[in-house]
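Colleague: With the input below, show me the fold.
(2 chains)
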Amino acid sequence: MEQNNKLLDVKNLIKVFVIGSGFVRSKITAVENVSFELQMNKPEIFTLAGESGSGKTTLARMILGFIPPTSGSISYKGKEISKLNGREIELWFMKEVQPVFQNPFETFNPLKKVDSYLYETAINYGIASKKDAHKFIDESLNLVGLSLQEVAGRYPHEFSGGQLQRISIARALITKPSLLIADEPVSMVDASLKMSICNLFKELKERQGVSIIYITHDLATAYYVSDRIAIMFRGNIVELGPVEKILTDPKHPYTKVLRDSVPEPDPERRWQGRIELSSFEEREYQSKGCRFAGRCPYVMDICKNKLPEDILLDGRMVKCHLYGSDSNKTVS
Amino acid sequence: MSILRAERLKAYYISEIFGIKRTVRAVDEVSMDVDNNEIFGIAGESGCGKSTLIKALLGIVKPPLTILGGEVNYDLGDKRFNIFSLSQKESKNIRWEYISYIPQSSMSVLNPVRRIRDSFKSFINAHKKMGKSEFNSLVEEHLNLLGLPTEVLNAYPHQLSGGMRQRVTIALATILRPKVIFADEPSTALDVVVQRGVIQLLKDIQQEQKNTIILVTHDMAIHANICDRIAIMYAGKIIEEAKTQEIFKHPLHPYTKYLIGSLPRIGDKSYRVSAPGSPPPLSNLPSGCSFHPRCPYITERCKSDAPSLVEVGNNHKVACFLASKEG
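Modeller: Model prediction:
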């Protein structure tokens, strides 16, 4: 029965993109051996954080079933997604796992009334008949602090980015999903409204029991909303664990660099010291060992040749030779 | 000494389509002073008019953008002028050499089909005549100073990463050692680590060349990190202006309070509240103080009168009846 306790189980997931054709082909491993799981009866907000090109969106698209993985498996409530047939995907999986996209102005067609999306979702998924759809829609709009009365008959340009993002979250909630996958949901929302969306995610988790995979590059909001965080770098999860531990006491050198680069909203605590940037990023994807070796201040010989194992340390997973049995070095 | 002074600047977008007049009050009665050799931050949400303010300050005014009033005066030591009274040729000479601009998207400066070296060439040749070896040594010296590899000169823009391109753009914008640099969201599209590198670069340049930077971004954490003074814009007006430390410690305007109070911080999970409601469209502003429909401290007067920006001591200016106790 152990299988059934897992809401989502991602195992050794790999995605390789082939670029070019004919003789000039090259491969880019966007996601390289990623594993993590979410528990069933314990709703949580799980953050995937990392720079652009770290593979976080590719990972999300694989979980949503938009693109097939090259290898590895994704199981949702004990069933492997790739083995589901079309009918099961439509009637069950797509209801259970719903996406929220980055730019609310792109989510909605500017020439279509916003509520038509809500009705379509309710009717097409068989949640409600045409007659009583409005009741379900109103319910899910209430969850995000809006009502059908405010939304009905209006076009996307009549709403602010924050409101539209709420509506797109309400749309996702119509099917009563257990898992929301939100890809950079607050990056296009006005600064003064950002936190209201973050608070909404927290409420959904606590009151509705919805688990959320929150994808972001913004570590400050990640710290605020999430329970656990996975730091991705060049297709690998380099550190995974409770957000308090990882962001206040990072172990992986990359997490440290990332953490130190977040600007503090406090003029008394400005950036100290300097950082080095990589000038040629493609080389990091191609390298054989740890992808961060080229920039790591603690780099050792082994790092350049061998990808580190996942190591359990202080209540988290960290992928770094510094903490492995191959080395007896310690860092301060 | 102020190097740039804007007085009651009014820049509206005025358009008439099928007889329907539309006025977007993007910059409304904005006055500001920027001191020599400081980093001046302009903060505000998208659609508050901060990019239009930059355009007006740079004198890039094309219809439908119309200047309805006000002046923008520069005092660059040997050169003093009102930006709107310059002829086309004069403003062409001043741009890049005296007043420079760093855009958000580097691709709008770099020509995608020409090597970086050619971009530098056409940039410099427009202002200074110099030989090949002089040119090479100038560019290489500048890139070395900024910590960029000189290999980039032979690259095409698409061969560089976003962060590298942005740093090349900054190098390009600063090679003629301009007195004033406008940077419009220079690090917004970048990753955190690269963002830090770009901000670090701007700071280095300012310290080395002793110029003035006007930095526009919505990210308050960036302002906290680099700016000497900050102006907060809301609905086309500057509503608060003070030294960075002062504004973060004692924000006076209710909007600024929300803006700073809602910033998430790593290590602090306490509940954050966003300002209620949403920003008004600039084409249809509420009466009186533009913030009044969202303000928790609203009085009758706020609905009818618009407060002006007044100093309340300590070089702290605010446009709010409550905070300034005006009237």
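
Colleague: From here on, just use CA atoms for contacts and neighbour counts.
Modeller: Fine.

Colleague: show me the contacts for the closest residue to chain B within the stretch 1-150 of chain A.
Modeller: In the stretch 1-150 of chain A, the residue that lies nearest chain B is residue A:51 (5.5 Å; CA to the nearest CA). By CA atoms under 8 Å, 6 or more residues apart in numbering or on different chains, the residues touching residue A:51 are A:217, A:232-233, B:191-192.

Colleague: let's go with 6 Å and repeat that
Modeller: By CA atoms under 6 Å, 6 or more residues apart in numbering or on different chains, the contact list for residue A:51 reads A:217, B:191.

Colleague: Distance-wise, check it relative to residue B:229.
Modeller: To residue B:229, residue A:51 is 30 Å away according to CA to CA, to the nearest Å.

Colleague: One more: residue A:103?
Modeller: Residue A:103 is 32 Å from residue B:229, by CA to CA.

Colleague: Pick out whichever of the two has more residues nearby.
Modeller: residue B:229 (24 against 19; other CA atoms under 10 Å in any protein chain shown).

Colleague: Excluding residues flanking it in the chain, which one is nearest the more buried one?
Modeller: Leaving aside its sequence neighbours, residue B:229 sits nearest to residue B:243 (CA to CA, 6 or more residues apart in numbering or on different chains; 4.2 Å).

Colleague: Give me the distance between the residue in chain A positioned nearest to chain B and residue B:200.
Modeller: With CA to the nearest CA, the shortest gap between chain A and chain B falls at residue A:265, namely 3.9 Å. When distance is defined by CA to CA, residue A:265 is 16 Å away from residue B:200.

Colleague: try residue A:250
Modeller: As for residue A:250, its distance to residue B:200 is 23 Å (criterion: CA to CA).

Colleague: cool, residue A:115 as well?
Modeller: Distance of residue A:115 to residue B:200, computed by CA to CA: 46 Å.

Colleague: what's the model's confidence in stretch A:47-58, averaged?
Modeller: Stretch A:47-58 carries an average pLDDT of 88.

Colleague: So which helix or strand of the chain has the lowest pLDDT on average?
Modeller: All of this refers to chain A. Lowest by mean pLDDT, DSSP states H and E among the helices and strands of chain A is helix A:282-286, with a mean of 60.

Colleague: wait, chain B
Modeller: Here the helix or strand of chain B ranked lowest by mean pLDDT, DSSP H and E is helix B:321-324, holding a mean of 85.

Colleague: tell me which residues in that helix are buried?
Modeller: By neighbour count on 16 or more other CA atoms under 10 Å in any protein chain shown, the buried set for helix B:321-324 is B:321-322, B:324.

Colleague: can you list those residues in JSON lines and add distance to chain A?
Modeller: Converted to JSON lines, these look like this (distance: CA to the nearest CA, whole Å):
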{"residue": "B:321", "distance to chain A": "21"}
{"residue": "B:322", "distance to chain A": "21"}
{"residue": "B:324", "distance to chain A": "23"}
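
Colleague: need the residues of the stretch 201-327 of chain B near chain A, please.
Modeller: B:221, B:224-225, B:245, B:259, B:264-266, B:269, B:274-275 (CA under 6 Å from any CA of the partner chain).

Colleague: For the residue nearest to residue B:229, grab phi and psi.
Modeller: Dihedral pair for residue B:243: phi -60, psi 150, per degrees, to the nearest 10.

Colleague: From chain A, how far out is it?
Modeller: Taking CA to the nearest CA, to the nearest Å as the measure, residue B:243 falls 10 Å from chain A.

Colleague: burial count for that residue?
Modeller: Neighbour count for residue B:243, taken as other CA under 10 Å: 19.

Colleague: thought it was touching residue B:227?
Modeller: No - the pair residue B:243 / residue B:227 is not scored as a contact, 8.4 Å apart, by CA atoms under 6 Å.

Colleague: and for the two, which residues touch both?
Modeller: The contact sets of residue B:243 and residue B:227 do not overlap (CA under 6 Å, 6+ apart).

Colleague: which residues touch residue B:155?
Modeller: By CA under 6 Å, 6+ apart, the contact list for residue B:155 reads residue B:115.

Colleague: thinking again about what came up before, of the residues of the stretch 201-327 of chain B next to chain A, buried ones?
Modeller: Buried, going by 16+ other CA under 10 Å: B:221, B:224-225, B:245, B:259, B:264-266, B:274-275, out of those.

Colleague: Most widely separated two among those?
Modeller: Across these, the longest distance by CA to CA is 23.4 Å; it joins B:225 and B:275.

Colleague: any idea which element residue A:238 lies in?
Modeller: strand A:236-242 (DSSP states H and E).

Colleague: Please identify the pairing partners of that strand and their relative orientation?
Modeller: Strand pairing for strand A:236-242, determined by DSSP bridges: strand A:228-233 (antiparallel), strand A:316-318 (antiparallel).

Colleague: mean confidence for the helix or strand following that strand?
Modeller: Following strand A:236-242 in sequence order, the next helix or strand is helix A:243-248 (DSSP H and E). Taken as a whole, helix A:243-248 has a mean pLDDT of 94.

Colleague: For helix A:243-248, list every residue counted as buried.
Modeller: A:243-247.

Colleague: helix/strand/coil for the residue of the stretch 151-300 of chain B found nearest chain A?
Modeller: Residue nearest to chain A within the stretch 151-300 of chain B (CA to the nearest CA): residue B:221, separated by 3.9 Å. Three-state call for residue B:221 (DSSP: H, G, I helix; E, B strand; the rest coil): helix.

Colleague: what residues are up against it?
Modeller: Contact analysis of residue B:221 by CA under 6 Å, 6+ apart lists A:263-265.

Colleague: what about 10 Å?
Modeller: Residues near residue B:221 by CA atoms under 10 Å, 6 or more residues apart in numbering or on different chains: A:262-267, A:270, B:260, B:263-265.
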